[in-house]
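Q: sequence-free structure coming up:
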């Protein structure tokens, strides 16, 4: 049985069990304190919320803008290309219905030849290229071409705005370790740690991080979700040039003090990472989030070195090794 399956089975068997947690500073992240019987996390690994909102206004244009600016580049280009082809397809049908002779062409007995001419004329009108070989001669075709020209100008202005929004939107590309390690720390203690690095060539300055523990606790016989801020060995660094190992010492001040692997599994522990910095390229503050669930914890392990000295004496960091670790005997 894999750890994930075994952990989930233990949660289901003990879903009403909560931990007695020492008092501390509770954090409210907007997720509330309600727990569920399943093992859903409150935040996805990429930092997006795992809360589904219903009842939103369906045809709000701001939703479309948000999706177009935040979707993947491949999906965005596919949407733009599909919209371009669809618009030209519809206008080409319009020219055919008006009659191909209104474009100064002689109709043929082949539908696809006539449609091809209408489609390419539509594309030239839509993009305002206008090669001049084909031009509208009838009133209906001239009106339709005028409407298509206006639609082309507006749509390309919209596409340009979306492209600018995608390029100008400041964001941080942070490479995180896939696992959180509970490792020996200093002489006699333990520490909760994960690693991160800047995944872009730009420089991040004034880096600051918060790590919040979400855990089910027992309050008067009821299991509730509580959020506790974890004290870090270092929560600010000036420049993120190499890798940053974020460490939370598990001492007598830590809400994790005295808890073992089984306790964190049954309490559905989750680490929520909030990162912010200033990107020198944009001179703006950027944000990033990450979530680790209880089955992302690895006990008694340590990270492997991910940097080396090159032949020219320069220190090199391999971002691909940000999550490399080894178990301790």
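A: It's in. Since we're looking at a predicted model, the values are computed, not measured.

Q: Which of the three states applies to residue 224?
A: Here residue 224 is strand, with the state taken from DSSP: H, G, I helix; E, B strand; the rest coil.

Q: What is the burial count for it?
A: 15 (other Cβ atoms under 10 Å). Quick note: C-beta positions are derived from backbone N, CA and C, even for glycine.

Q: where exactly do the strands run in the protein?
A: All strands of the chain, identified by DSSP state E, fall at 174-176, 180-185, 189-198, 204-219, 222-229, 236-239, 244-250, 270-279, 284-293, 297-299, 301-303, 307-309, 315-317, 325-327.

Q: What mean pLDDT does the fourth one get?
A: Strand 204-219 comes out with an average pLDDT of 89.

Q: and what of the fifth one?
A: Average pLDDT, strand 222-229: 83.

Q: Give me the buried positions along that strand.
A: 223, 225-228 (16 or more other Cβ atoms under 10 Å).

Q: looking at the strands of the chain, which is closest to residue 125?
A: Between residue 125 and those, the shortest gap by Cβ to Cβ is with strand 284-293, which sits at 40.2 Å.

Q: Tell me which other helices or strands the closest one touches.
A: If contacts are counted by 3 or more Cβ pairs under 8 Å, 6 or more residues apart in numbering; DSSP states H and E, strand 284-293 sits against strand 174-176, strand 270-279.

Q: Mind doing that once more with 6 Å?
A: Packing partners of strand 284-293 (3 or more Cβ pairs under 6 Å, 6 or more residues apart in numbering; DSSP states H and E): strand 270-279.

Q: Might you quantify the distance of the strand it packs on from its chain's geometric centre?
A: 13 Å (Cα atoms, centre = their mean, to the nearest Å).

Q: Please apply the same query to stretch 99-109.
A: Its chain's average C-alpha position is 51 Å from that of stretch 99-109, according to Cα atoms, centre = their mean.

Q: pretty sure residue 200 is touching residue 173, no?
A: Yes: counting by Cβ atoms under 6 Å, residue 200 touches residue 173, with 4.8 Å between them.

Q: measure residue 63 to residue 175 for me?
A: 30 Å (Cβ to Cβ, to the nearest Å).

Q: correction: residue 100
A: Remark: distance between residue 100 and residue 175 (Cβ to Cβ) = 57 Å.

Q: which non-adjacent residue is nearest residue 191?
A: Counting by Cβ to Cβ, 6 or more residues apart in numbering, residue 191 lies nearest to residue 185, which is 3.1 Å off, once chain neighbours are set aside.

Q: what about the strands of the chain, which gets the closest to residue 50?
A: In terms of Cβ to Cβ, the element of the strands of the chain nearest to residue 50 is strand 284-293, at 8.2 Å.

Q: Identify all contacting residues around that closest one.
A: For strand 284-293, contacts defined as Cβ atoms under 6 Å, 6 or more residues apart in numbering pick out 41, 43, 45, 47, 170-172, 174, 176, 180, 270-279.

Q: Stretch 157-174 - what's its average pLDDT?
A: 86.

Q: Would you mark the buried spots in that stretch?
A: Buried-residue list, stretch 157-174, by 16+ other Cβ under 10 Å: 159, 162, 172, 174.

Q: Not counting its neighbours along the chain, what's nearest the last one?
A: Nearest non-adjacent residue to residue 174, counting by Cβ to Cβ, 6+ apart: residue 288, 4.6 Å away.

Q: Kindly state the pLDDT recorded for the spatially most distant residue from the centre of the chain?
A: Here the chain reaches farthest from its C-alpha mean at residue 106, the gap being 53.7 Å by Cα atoms, centre = their mean. On pLDDT, residue 106 comes in at 89.

Q: 36 is where my numbering starts, stick with that
A: Taking 36 as the first residue, the last one we looked at is residue 141.

Q: Quick check: closest non-adjacent residue to it.
A: The shortest distance from residue 141 to any non-neighbouring residue, by Cβ to Cβ, 6+ apart, is to residue 135 (7.9 Å).
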